[in-house]
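[1] Structure for the following, please:
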Amino acid sequence: MKLTIHGYSTALFATWYFIEELGILFDAGDGLVSGLMGKCGKIKKVFVSHADRDHLAGLLQYNQLFSHIGPTIYYPKGSQSFPFLEAFSKKFDPHIQGTFWEPIDKGQHIIIKERISVESLENEHVYTSNGIIKSLSYKVWETKKKLKTEFLGMPSETIKKIREEKGEPFLMEEQKTNLLSYSGDTPVVDYARFEGAKVLIHEATFLTKEETQTKNDKNRHSSLEEVFEMVANCNIEQLILGHFSSRYYQEEIDTKIKELVAFYNIKIPVYRIPIGKVSKAILDGKPIN
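    The predicted structure follows:
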């Protein structure tokens with residue numbers, strides 16, 4: 001499935017990614033509506049990774065203009081900021097109705113449309129000591145049924161007879177494809193987490209591992225070095241990098257990406273979201289490598 005992805009992602013300021021064919025939005029930072037304008041009308045489901053303002057500040061304007069479509073906003077169950085935001089939005093815009101706000105836990109599967117679902121995964125961005133999950137990553141799955149290996153090559157009449165006698169489940173098996181994975185904000189802790197993704201959208205706030213060693217234990221991020229080390233050790237087909245800190249010049253980021261692509265011998269296309277700019281149809285553009 002071809003995916004048309006639009007996005008903006010600069011650390012501290014705003015992050016959002018819209019997957020046009022699926023009508024889903026990952027995070028909803030400031031500038032969402034001004035960046036997408038009328039395309040926001042295609043958004044049916046919003047998946048917010050966590051309650052930092054740069055990931056949710058665009059919800060109020062989106063809700064005001066497009067609540068009549070009846071979108072659903074999904075958010076981490078353990079984050080109490082969202083019920084407050086929902087209550088505020090209903091008081092601030094009492095005439096606006098139609099939006100559903102739904103808390104979700106890790107491991108849930110939300111049906112998008114036939115054969116397409118979104119799975120929520122726990123990540124490590126927000127540290128909590130009581131097991132409450134306040135930050136999520138997401139995976140988009142496509143599920144198809146295919147003929148089991150042992151029946152391949154059989155005549156169609158034989159297949160038909162087996163179906164009539166033993167039923168469809170006896171013949172078919174499910175094939176799941178990870179169309180897209182979205183990291184949200186999180187440190188890299190598990191190389192296998194996004195294994196097999198057709199497209200991986202991953203944050204890379206810092207350029208080096210050393211810069212991730214801050215005194216802030218509650219909000220942890222990835223470095224470009226760690227993301228490329230992970231990608232070099234798993235099977236991913238396309239990589240989109242974003243959420244870079246504005247402390248860096250764009251040329252500095254691009255130079256580091258090219259250096260790491262060469263060091264790890266990365267052969268897949270690598271795209272990056274420029275600091276402070278909206279990127280349209282990201283996968284249709286030219287990879288940085």
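[2] got a list of what residue 189 touches?
    residue 124 (CB atoms under 8 Å, 6 or more residues apart in numbering). C-beta: built from backbone N, CA, C; applies to glycine.
[3] At which residues are the helices of the stretch 51-200 of the chain located?
    Here the stretch 51-200 of the chain has its helices, by DSSP state H, counting those that start in this stretch, at 59-66, 81-92, 156-166, 168-171.
[4] and the shortest one, how far from the chain's centre?
    Per CA atoms, centre = their mean, to the nearest Å, the displacement of helix 168-171 from the mean C-alpha position of its chain is 33 Å.
[5] Return the list of helices and strands in contact with it.
    Secondary-structure packing of helix 168-171 (3 or more CB pairs under 8 Å, 6 or more residues apart in numbering; DSSP states H and E): helix 156-166.
[6] Residues in contact with the helix it packs on: which ones?
    For helix 156-166, using CB under 8 Å, 6+ apart, the contacting residues are 147, 151, 170-171.
[7] helix, strand or coil for the closest residue to residue 43 other than its chain neighbours?
    For residue 43, ignoring the flanking residues on the chain, the nearest one in space by CB to CB, 6 or more residues apart in numbering is residue 25 at 4.9 Å. Secondary structure of residue 25, reduced to three states by DSSP: H, G, I helix; E, B strand; the rest coil: strand.
[8] Give me the neighbour count for residue 25.
    27 (other CB atoms under 10 Å).
[9] what number of residues lie near the residue nearest to residue 184 when sequence neighbours are not counted?
    The shortest distance from residue 184 to any residue that is not its chain neighbour, by CB to CB, 6+ apart, is 3.0 Å, and that residue is residue 49. Residue crowding around residue 49 was assessed by other CB under 10 Å; the count is 29.
[10] Low-confidence bits of this protein, can you list those?
    Low-confidence segments of the chain, defined by pLDDT under 70, are located at 214-218.
[11] Which residue ranges of this structure form strands?
    Along the chain, the segments classed as strands by DSSP state E run 5-10, 14-19, 24-28, 45-47, 72-76, 100-104, 109-113, 116-122, 136-147, 172-182, 199-203, 238-242, 270-272.
[12] Next up, the contacts around the residue most central in space within the chain.
    With the centre of the chain defined as its mean C-alpha position, the nearest residue by CA atoms, centre = their mean is residue 182, 2.5 Å away. The neighbourhood of residue 182, defined by CB under 8 Å, 6+ apart, consists of 17, 26, 47, 49, 137-140, 201.
[13] do that again at 7 Å, thanks
    Shown in contact with residue 182 (CB atoms under 7 Å, 6 or more residues apart in numbering): 17, 26, 137-138, 201.
[14] Just the buried subset of the residues you listed, please.
    In the contacts of residue 182, burial by neighbour count holds for 17, 26, 137-138, 201, counting by 16 or more other CB atoms under 10 Å.
[15] biggest helix in the protein by residues?
    For the chain, the longest helix by residue count, based on DSSP state H, is helix 250-263.
[16] so what does that helix touch, helix or strand wise?
    Contact partners of helix 250-263 among helices and strands, from 3 or more CB pairs under 7 Å, 6 or more residues apart in numbering; DSSP states H and E: helix 224-231, strand 270-272.
[17] Can you check which of those gets nearest to residue 241?
    Using CB to CB as the criterion, the shortest distance between residue 241 and the helices and strands packed on helix 250-263 is 4.4 Å, found for strand 270-272.
[18] which outside residues touch the closest one?
    239-242, 253, 257, 261, 282-283, 285, 287-289.
[19] Now that we have those residues, which of them are buried?
    Buried members of the contacts of strand 270-272, scored by 16+ other CB under 10 Å, are 239-242, 253, 257, 261, 282, 289.
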